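S.K.: What shape does this take:
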Amino acid sequence: MKSLSLRRRRSRGSSIVESAVVFLAVATMLIGAFDFGQFLFVHQALVERARRAARWGAVNDPSNSTAIANMVLYYQPGGATDGQAPYMGLTSSNVETAVYGAGTDDHRLRVRISGFRYTVLSPYIAGRYTGPTIDVLMPLGTTN
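M.R.: Model prediction:
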């Protein structure tokens with residue numbers, strides 16, 4: 001009986017220490033999952049914006065790179081209205097358009113988003129990072 005009581009007194013603080021270690025591990029994993037989800041959201045949102053701009057350019061005027069870039073930045077070809085901020089903090093230098101293969105069966109419009117920034121909160125790697133380049137190619141038709 002005496003030894004059981006002595007053992008309980010010696011292990012009294014260990015449950016608090018174990019709980020703290022488990023909490024830190026779980027909190028780190030949750031922050032990591034949040035960061036990964038945030039990156040996936042930002043990347044997919046920019047891919048979809050580039051696709052919509054490429055579709056708009058293919059239907060309207062593939063050679064009007066300013067209007068296509070404005071479709072990526074502001075979702076309207078004319079540019080910002082009423083102090084509208086660009087999408088996800090992009091600038092016109094982040095968006096590039098080009099037309100390839102004019103007059104051939106491989107006539108395409110390319111919309112590229114590069115150099116976009118996102119924030120990571122995870123311990124040891126926290127900071128602002130540059131995302132990967134996003135390329136969207138839209139076929140513009142054939143010559144026949």
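S.K.: Do a quick rundown of the helices in this structure.
M.R.: 2-10, 14-59, 65-74 (DSSP state H).
S.K.: Tell me which of those helices approaches Val95 most closely.
M.R.: helix 65-74 (4.3 Å; CB to CB). Using the backbone N, CA and C atoms, a C-beta is placed for each residue, glycine as well.
S.K.: And that closest one, what's buried?
M.R.: 65, 67-74 (16 or more other CB atoms under 10 Å).
S.K.: Please write out the alpha-carbon positions of that helix in CSV.
M.R.: This file holds the C-alpha atoms of helix 65-74, laid out as CSV (Å, rounded to 0.1, in the frame of the first residue of the first chain):
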residue,chain,number,x,y,z
SER,A,65,-2.2,40.5,-73.9
THR,A,66,-3.1,43.5,-71.7
ALA,A,67,-6.8,42.5,-71.6
ILE,A,68,-5.9,38.9,-70.9
ALA,A,69,-3.6,39.9,-68.1
ASN,A,70,-6.4,42.1,-66.7
MET,A,71,-8.7,39.1,-66.8
VAL,A,72,-6.3,37.3,-64.5
LEU,A,73,-5.7,40.3,-62.2
TYR,A,74,-9.2,41.8,-62.0
